[in-house]
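J.: Just need the structure, nothing else, for what follows:
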Amino acid sequence: MKRIPLVVLLLCSALAWAGSEPNPADYTINVHVSSSHVNSRGAIRLKVILDGKKCELEGIDVENSLLIPGDYKAKSLPLKVKDVHTYDVYGNYEIIFPDNKTRRYALVGIME
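T.: Predicted structure coming up:
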């Protein structure tokens, strides 16, 4: 009988860690994917226009599928960077898809 409260407590904590559905309103950055390919290391690389800037993103998640070119929404993910300078650019982004699933990408290139 003493185990029932313990089981309930463990189930509640597991549900709390499971997370919640992403809120599409949080994804305010416009992303246009113009190409998607797999590099020599097996990582997904995207050529994108990210809020009007030409960039290259690399998949952080293990997902190995190519992304169909088109328009998506993203949000910036927090970064912990030491010694930030005005001439440095950092970025991690999470793109949301029509089915509310998300994938994370790191900024690995910028172009003029």
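
J.: Give me the residue ranges of this protein where confidence is low.
T.: Screening the chain residue by residue with the criterion pLDDT under 70, one finds the ranges 1-19, 62.

J.: Could you pull out the strands in it for me?
T.: 29-38, 44-50, 53-59, 70-76, 92-96, 102-110 (DSSP state E).

J.: need the ones you listed in CSV with distance to residue 83 and mean neighbour count, can you?
T.: To be clear about C-beta, it is placed using only N, CA and C from the backbone, and glycine gets the same treatment. Below are the strands of the chain laid out as CSV (distance: least, CB to CB, whole Å; neighbours: other CB atoms under 10 Å):
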stretch, distance to residue 83, mean neighbour count
strand 29-38, 25, 15
strand 44-50, 24, 21
strand 53-59, 22, 18
strand 70-76, 20, 16
strand 92-96, 18, 20
strand 102-110, 18, 17
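
J.: Distance to residue 85 for these - can I get that in JSON lines?
T.: Listed next are the strands of the chain as JSON lines, based on distance: least, CB to CB, whole Å:
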{"stretch": "strand 29-38", "distance to residue 85": "23"}
{"stretch": "strand 44-50", "distance to residue 85": "20"}
{"stretch": "strand 53-59", "distance to residue 85": "18"}
{"stretch": "strand 70-76", "distance to residue 85": "18"}
{"stretch": "strand 92-96", "distance to residue 85": "18"}
{"stretch": "strand 102-110", "distance to residue 85": "15"}
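
J.: For residue 82, find the nearest of the ones you listed.
T.: Ranking those by proximity to residue 82 (CB to CB) places strand 92-96 first, at 15.7 Å.

J.: Between strand 102-110 and that closest one, find me the angle.
T.: The directions of strand 92-96 and strand 102-110 differ by 140 degrees, with axes from the mean of the first three to the mean of the last three CA atoms, to 10 degrees as the criterion.

J.: who touches strand 92-96?
T.: 22, 24, 27, 29, 31, 50, 57, 60, 72-77, 79, 102-107 (CB atoms under 8 Å, 6 or more residues apart in numbering).

J.: what angle do that strand and strand 53-59 make?
T.: Counting by the same axes, to 10 degrees, strand 92-96 lies at 80 degrees to strand 53-59.

J.: Convert the C-alpha atoms of strand 92-96 to PDB, please.
T.: Included here for strand 92-96 are C-alpha records, laid out as PDB according to Å, rounded to 0.1, in the frame of the first residue of the first chain:
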ATOM      1  CA  ASN A  92      21.000  28.000 -32.800                       C
ATOM      2  CA  TYR A  93      17.500  27.800 -34.200                       C
ATOM      3  CA  GLU A  94      14.500  25.600 -33.900                       C
ATOM      4  CA  ILE A  95      12.300  25.200 -36.900                       C
ATOM      5  CA  ILE A  96       8.700  24.300 -36.500                       C
END
